[in-house]
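Student: let me see the structure of the following:
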Amino acid sequence: MYANGRGVLQDDKEAVKWYRLAVELTNPDAQFNLGVMYEMGRGVPQDDKQAVELFREAAWQGHVLARTRFNKMKEEEARRKEVEQTRRREAEQVRRIAKEQYQKIFDACLLDKSSGVDVQVQSLLRAVERACEAIAQDPSWIDRLRYD
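Tutor: Here you go, the predicted structure:
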């Protein structure tokens, strides 16, 4: 009633209070509805972990919508973890490539006392060209590097 404003003024906090009382009695509809409140952040701080737990409890009691919502949230969580792992692997690859390219440029900058300045500048230019060619093979890492 309070969640939808049926017959009373709509009040999410009051709805949460009544859902919690019914959850204590292991009512699957209340578990589902309170889970939705947590998922949406209505009347309570948004909390996906609490929502998943409530959906799981209701699903165990045969609540079909809770089972559907539980599965959906678990799939989304798995996708987020996969994306995060991919980002970490890509960031590590970018760091490795950047370190290799930096080392090439650093090596080119080492002064050889027996050669003149022009030779050192040419060495640096060749190293930068090699680094640019390597970067050109996968330029997308530059954008990711900016956010690390």
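Student: biggest helix in the chain, by residue count?
Tutor: Identified as the longest helix of the chain according to DSSP state H is helix 64-109.
Student: find the nearest non-adjacent residue to residue 19, please.
Tutor: residue 34 (4.0 Å; C-beta to C-beta, 6 or more residues apart in numbering). No exception for glycine: its C-beta is placed from N, CA and C like everyone else's.
Student: list the buried residues for the helix or strand containing the one you found?
Tutor: Taking DSSP states H and E as the criterion, residue 34 maps to helix 28-40. By 16 or more other C-beta atoms under 10 Å, the buried positions in helix 28-40 come out as 28, 30, 31, 32, 33, 34, 35, 36, 37, 38, 39.
Student: would you confirm that the second one contacts residue 22?
Tutor: So the one you mean is residue 30. Yes. With contacts counted by C-beta atoms under 8 Å, residue 30 reaches residue 22, the gap being 3.3 Å.
Student: got a list of what residue 48 touches?
Tutor: By C-beta atoms under 8 Å, 6 or more residues apart in numbering, residue 48 lies in contact with 38, 39, 73, 77.
Student: now with 10 Å, please.
Tutor: Neighbour list for residue 48: 35, 38, 39, 41, 73, 76, 77 [criterion: C-beta atoms under 10 Å, 6 or more residues apart in numbering].
Student: from residue 10, how far out is it?
Tutor: The gap separating residue 48 from residue 10 is 24 Å, by C-beta to C-beta, to the nearest Å.
Student: residue 16: which of the contacts of residue 48 is nearest?
Tutor: residue 38 (8.8 Å; C-beta to C-beta).
Student: leaving out the residues flanking it, which one is nearest to that closest one?
Tutor: Using C-beta to C-beta, 6+ apart, the nearest residue to residue 38 is residue 51, at 4.0 Å.
Student: next, that neighbour: secondary structure please.
Tutor: At residue 51, secondary structure determined by DSSP: H, G, I helix; E, B strand; the rest coil is helix.
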